[in-house]
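A.B. asks: A predicted structure for the sequence below; I have some questions about it.
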Amino acid sequence: MSVAEPRRIVLFRHAKADWPQVTDHERPLADRGRMDAAEAGRRLTDTGIAFDLALCSTAVRTRETWKLAVQEFPQRPKTVYEERIYEASPGELIALLNETPDDAQNVLMVGHNPGIQGLADVLAGPGEDDARERMTRRGFPAAAFAVLSFGGTWKGLEPGVATLRDYWAPAE
């Protein structure tokens, strides 16, 4: 694999969560969230990206989102449940991505707002088609994802180096 080949990062916000009397970290998905997570998995499959690695927050709602989405994938990537994603800032998420092994070409991160949306905004330089306009207009609702690409190594990932290639959010 050459570093000249663009790397791809998919930033995926967890699906709609329920609000039972549990800690925030333990909140499960709502019924709508379960449907949207599966639909997001189908849409991620439609991108044609073969993921090498998935980084998922340890929160219940992100783990449930990932479990439902990945069932739609033709092949399950290596998955790492990472507690540092929970409540992380965009800078903390970049630092985590900087630790990614260079043999991983395509990485998916399942996390939370405001960190995931902030990271998409910080990483994305120019956008393709209307992806940037749609992401700006819609924000980053539950189960939304952004596809970004960049050249170079994971250690070189920094603000503004990526291109927003695609954006999807479930219908409200």
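C.D. replies: Noted; the coordinates are in hand.
A.B. asks: Please make it C-alpha for all contacts and neighbour counts, starting now.
C.D. replies: Noted.
A.B. asks: Output the below-cut-off pLDDT ranges for this structure.
C.D. replies: 1-4, 126-129, 172 (pLDDT under 70).
A.B. asks: can you give me the helices in it?
C.D. replies: 31-46, 60-70, 90-98, 115-123, 131-138 (DSSP state H).
A.B. asks: Show the contacting residues for Lys78.
C.D. replies: 52-54 (Cα atoms under 8 Å, 6 or more residues apart in numbering).
A.B. asks: Produce a ChimeraX select command limited to the buried residues of these.
C.D. replies: The ChimeraX command for the buried members of the contacts of Lys78 (criterion: 16 or more other Cα atoms under 10 Å) is given here:
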select :52,53,54
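A.B. asks: any chance of the contacts of Lys78 in TSV, with distance to Arg134 too?
C.D. replies: Shown next, in TSV, are those (distance: Cα to Cα, whole Å):
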residue	distance to Arg134
Asp52	27
Leu53	26
Ala54	25
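A.B. asks: Filter the contacts of Lys78 down to the ones in strands?
C.D. replies: Judged by DSSP state E, the contacts of Lys78 include 53-54 as members of strands.
A.B. asks: with the contacts of Lys78 in mind, which one is nearest to Ala17?
C.D. replies: Ala54 (20.4 Å; Cα to Cα).
A.B. asks: shouldn't the closest one be in contact with Gln105?
C.D. replies: No - applying Cα atoms under 8 Å as the test, Ala54 and Gln105 come out as separate, 11.3 Å apart.
A.B. asks: In TSV: the helices of the chain, plus distance to Ala171 and mean neighbour count.
C.D. replies: Output for these, formatted as TSV (distance: least, Cα to Cα, whole Å; neighbours: other Cα atoms under 10 Å):
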stretch	distance to Ala171	mean neighbour count
helix 31-46	9	20
helix 60-70	17	23
helix 90-98	26	18
helix 115-123	18	21
helix 131-138	10	16
